[in-house]
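1. Based on what follows, work out the 3D shape:
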Amino acid sequence: LTDFRTPDPWNEFFKKLRLGVKIYDLFSEVIGANKGDIFHTFSIGGGMSAEQYRLSQQEVEKVKRFRAVSMFRGPMMTDKKGHAKVSFEMPDYVGAVRVMVVAANDNRYGNAQKTVPVKTDLMVLPTLPRVLGPGDKIMVPVTVFAMKDNIKEVNVSIRVSGPLSISGDSQKTLTFGKSGEKDVYFQLRAMQAVGASHITISAASAGFTAKRIWQSGPLPRGFTIPKRRPASRAKLLPSVFPTGEFRGQTMP
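-> As a prediction, the model looks like this:
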């Protein structure tokens, strides 16, 4: 979504066209005979966009803090002044979104885009693993964002359901002197059971509330975590065989 460009219909519809010559090839008959990476042999459709996508897949994937949001609203008419109003119901999201608009009127086309921040006066952002195994113990960091200076004390609480239990306090208090962010930590422990888990983190202050819900998928039925014995040190002991040949033996 970040690398997606706003469509430009003017450049697409009125671009220069090359001579319309039909060509044929036998790549479909011989391409299977090649070995190795065919990208070094043939350029197969897609142009620069396909090559750019292939190179982006080779880069190290970075961890993203926020979930991706993508929404679309179909064709709609504007008023005589060219104004239109569109409403979207944002999901549980913190960050920024890019609004892209493509317009058309007869043979006239245009586009525009703008980055719009998505935030509230009080926000919480937990950092949680995707999957928990039976018996796991984790420390859950929760970042609380106070976007206004009149937010002073914030009560942060955590609730769990499923095969999870809270170790220690389930509610803590943060004090803000001005707008900013602070971290608070909770301890959780997974029980010796398999199933879906829900974690609800809430923050409340005078006139401000925030909530985030996290869900982990259940592990497969019959899933077991293998136990491995600790590796022992090995020593190389010399030994002499009747033929006079020297060999080494590995002993635990």
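2. hey, let's count contacts and neighbours off CA atoms from now on
-> Fine.
3. Phi, psi for W10 please.
-> phi -60, psi -50 (degrees, to the nearest 10).
4. My error: substitute A146 in the last question.
-> Residue torsions, per degrees, to the nearest 10, at A146 are phi -110, psi 110.
5. And for the one 3 residues further on?
-> With angles defined as degrees, to the nearest 10, D149 sits at phi -70, psi -20.
6. burial of G133, as a residue count?
-> Counted with other CA atoms under 10 Å, the neighbours of G133 add up to 17.
7. Quick check: nearest residue in space to it, chain neighbours excluded?
-> A190 (6.8 Å; CA to CA, 6 or more residues apart in numbering).
8. Could you do N111 as well?
-> Nearest to N111 is V102, by CA to CA, 6+ apart, at 4.4 Å.
9. Go through the host helix or strand of the one you found and flag the buried ones.
-> Using DSSP states H and E, V102 sits in strand 95-105. Across strand 95-105, burial judged by 16 or more other CA atoms under 10 Å covers 97, 103.
10. correct me, but the residue nearest to G133 touches M139?
-> No - using CA atoms under 8 Å, A190 is not in contact with M139; the gap is 11.7 Å.
11. Please identify which of those two sits among more neighbours.
-> Taking other CA under 10 Å, A190 and M139 do not tie; A190 has more neighbours (19 against 13).
12. show me where the stretch 151-252 of the chain has strands.
-> Listed in chain order, the strands of the stretch 151-252 of the chain (DSSP state E, counting those that start in this stretch) span 153-161, 164-167, 171-175, 180-190, 197-205, 208-216, 235-240, 246-251.
13. Looking at the ones you listed, spot the one closest to V86.
-> strand 208-216 (25.5 Å; CA to CA).
14. Could you list every helix and strand that that closest one packs against?
-> The contact analysis (3 or more CA pairs under 8 Å, 6 or more residues apart in numbering; DSSP states H and E) places strand 208-216 against strand 122-126, strand 197-205.
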